[in-house]
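**Student:** Quick one, what's the 3D model for this:
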Amino acid sequence: MSQHKRQDILTRLRDAAPVIAPSMLKCDFGNLKREVERLERAGAAALQFDVMDGHFVPNLTYGPAVIERLRPHAEAVFDAHLMISDPAFYLDGFLEAGCDLITFHYEAVPEPGPLLGRIREAGRAAGLAINPGTPVESIEPYLEACDVVLVMSVEPGFGGQAFIPSALDKLRRLRDRVPRTTLLSIDGGIGPETIGPCARAGARIFAVGSAIFDANDYRRAIEQLRQLAEAIA
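**Tutor:** The predicted model follows:
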């Protein structure tokens with residue numbers, strides 16, 4: 001049953017690709033429920049919840065209790081992007097909160113394999129993220145265990161940063177190495193100017209902050225980005 005649930009999550013993501021996943025780091029924190037509902041109506045297939053602990057990254061955001069309260073208000077895939085120092089310790093909380101895809105950082109754990117396995121065994125999609133300074137070769141031993149590989153195109157922990165072009169080379173190299181079923185994701189500085197090159201390099205999931213949340217019309221912003229990605233993919 002758990003593996004059926006995981007496969008259903010992955011099918012939803014593949015069917016929706018290119019997936020424009022609003023990065024909730026940039027949303028109106030005073031109106032989280034309203035923001036989730038607006039994004040759902042705007043056609044967002046996934047929402048990325050940026051979890052920060054003030055240790056792995058300097059900033060603090062929210063934990064599983066907040067995500068759990070938002071879960072009933074959207075059908076979208078909930079992606080918990082764990083920018084935290086001990087993701088294994090907190091995993092159960094995010095599973096119980098209803099997260100569908102759980103992505104943690106290679107740099108935060110001594111050995112990613114067991115945690116990727118725990119996420120999959122729980123019936124959720126498992127994602128592994130790498131920071132801008134981490135070479136692709138570092139995660140090659142774990143690619144078979146990943147449902148999603150997330151390339152950071154900015155330093156984690158802050159919104160509104162400029163896109164780091166070297167992320168494109170990482171995407172291209174990963175595209176040639178990951179299993180056919182694995183989805184490549186990109187996070188940081190994604191907007192109308194950068195989404196096309198990222199799609200060309202192999203990305204299928206795009207975490208987007210300012211390009212959506214600074215727009216008056218979320219639906220129009222999401223559709224524009226999706227069309228730009230589709231024109232390349």
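
**Student:** contact partners of stretch 127-135?
**Tutor:** For stretch 127-135, contacts defined as C-beta atoms under 8 Å, 6 or more residues apart in numbering pick out 79, 81, 101-107, 112, 116, 136, 138-139, 142, 146-156, 164, 166-167, 170, 185, 187. Every C-beta, even on glycine, is put in place using the N, C-alpha and C of the backbone.

**Student:** Quote the end-to-end distance of that stretch.
**Tutor:** End-to-end distance for stretch 127-135, by C-alpha to C-alpha, to the nearest Å: 17 Å.

**Student:** Show me the strands in the protein, by range?
**Tutor:** 19-22, 46-52, 77-83, 101-105, 125-130, 148-152, 183-187, 205-208 (DSSP state E).

**Student:** about what we covered before: of the contacts of stretch 127-135, keep whichever come out buried.
**Tutor:** For the contacts of stretch 127-135, a burial check counting by 16 or more other C-beta atoms under 10 Å picks out 79, 81, 101-107, 112, 116, 136, 139, 142, 146-154, 156, 164, 167, 170, 185, 187.

**Student:** So Leu47 versus Lys26, what's the distance?
**Tutor:** 12 Å (C-beta to C-beta, to the nearest Å).

**Student:** right, I mislabeled it, should have said Thr181
**Tutor:** Distance from Thr181 to Lys26, by C-beta to C-beta: 30 Å.

**Student:** Compare neighbour counts for the two and give me the winner.
**Tutor:** With neighbours defined as other C-beta atoms under 10 Å, Thr181 and Lys26 compare such that Lys26 has more, 18 against 9.

**Student:** mind checking how far that one is from Ile190?
**Tutor:** Distance, Lys26 to Ile190, by C-beta to C-beta: 11 Å.

**Student:** anything in contact with each of those two?
**Tutor:** With C-beta under 8 Å, 6+ apart, Lys26 and Ile190 have common neighbours Gly209.

**Student:** So which residues of this protein form helices?
**Tutor:** 2-16, 32-41, 64-70, 87-96, 112-121, 166-175, 195-201, 210-213, 218-232 (DSSP state H).

**Student:** Turn those into JSON lines, columns for distance to Pro22 and mean pLDDT.
**Tutor:** Compiled in JSON lines, those are given as follows (distance: least, C-beta to C-beta, whole Å; pLDDT from 0 to 100):
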{"stretch": "helix 2-16", "distance to Pro22": "13", "mean pLDDT": "94"}
{"stretch": "helix 32-41", "distance to Pro22": "5", "mean pLDDT": "96"}
{"stretch": "helix 64-70", "distance to Pro22": "13", "mean pLDDT": "96"}
{"stretch": "helix 87-96", "distance to Pro22": "18", "mean pLDDT": "97"}
{"stretch": "helix 112-121", "distance to Pro22": "22", "mean pLDDT": "97"}
{"stretch": "helix 166-175", "distance to Pro22": "19", "mean pLDDT": "97"}
{"stretch": "helix 195-201", "distance to Pro22": "13", "mean pLDDT": "97"}
{"stretch": "helix 210-213", "distance to Pro22": "5", "mean pLDDT": "95"}
{"stretch": "helix 218-232", "distance to Pro22": "8", "mean pLDDT": "94"}
